[in-house]
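Q: predicted model and sequence follow; I will ask about them next.
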Amino acid sequence: MEKTFLMVKPDGVQRNLIGEIVARFEKKGFQLAGAKLMSIPTELAEEHYGEHKERPFFGELVDFITSGPVFAMVWQGENVIATARQMMGSTNPKDAAPGTIRGDFGLTVGKNVIHGSDSPASAEREIGLFFKDGGVVEYSKVVNEWIY
Ligand code: DAT
Ligand code: MG
């Protein structure tokens, strides 16, 4: 089953949005496979956002993501990587459609509430980084194949 890495960023945790965000993915039909509240060490933040290390906002990005606890999650389900990105909305909340997480809860690009892997390769890499000591649970709750 396809898996993705999603993370409620420090602004979302501080604003008590964990439950709201988890509820959206649960109600959509995706299955939670791992979750933990954690502080991100600077080295992990730099590695996670490595693709942006030459960008002018890199320092700010690392400072922000390490500024408070995040809620790191693994979700699974059909097309979960692309669908979760759609449910998150555009990177800049000013461009994110109402009904998306960033569209409903975000104001500025720096503090945009949630992270989600953008491709199968990113999902595998990010799950490996954040859940390298385990914590991804394989289980099934299928009673009938059409109940998802
Ligand atoms: P996404 O989080 O939608 O995958 P991204 O990978 O392009 O977006 O950027 C990672 C994060 O970096 C993004 O969630 C917020 C921050 N960011 C992106 N562009 C920015 C900018 N122009 N100024 C400040 N922060 C930015
Ligand atoms: Mg990205």
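A: Nice, thanks for sending it over. From a predicted model like this one, the values you see are computed outputs, not experimental measurements. Numbers count the residues shown, from 1 in each chain. Ligands and ions are numbered 1, 2, ... in the order given.
Q: so is the helix or strand where residue 84 lies next to ligand 1?
A: According to DSSP states H and E, residue 84 maps onto helix 80-88. No - for helix 80-88, no contact with ligand 1 is found by Cβ under 6 Å from any ligand atom; the gap never falls below 7.0 Å. From N, CA and C alone the C-beta is placed, and that goes for glycine too.
Q: show me what that helix is packed up against.
A: strand 3-8, helix 18-28, helix 101-105, strand 114-116 (3 or more Cβ pairs under 8 Å, 6 or more residues apart in numbering; DSSP states H and E).
Q: ligand 1: which of the ones you listed is closest?
A: Nearest to ligand 1 among the helices and strands packed on helix 80-88 is strand 114-116 (5.5 Å), distances taken as Cβ to the nearest ligand atom.
Q: so what are the sheet partners of the closest one and their directions?
A: strand 3-8 (antiparallel) (DSSP bridges).
Q: tell me the buried residues in stretch 37-49?
A: The neighbour-count check on stretch 37-49 (16 or more other Cβ atoms under 10 Å) flags 40, 44, 45, 46, 48, 49 as buried.
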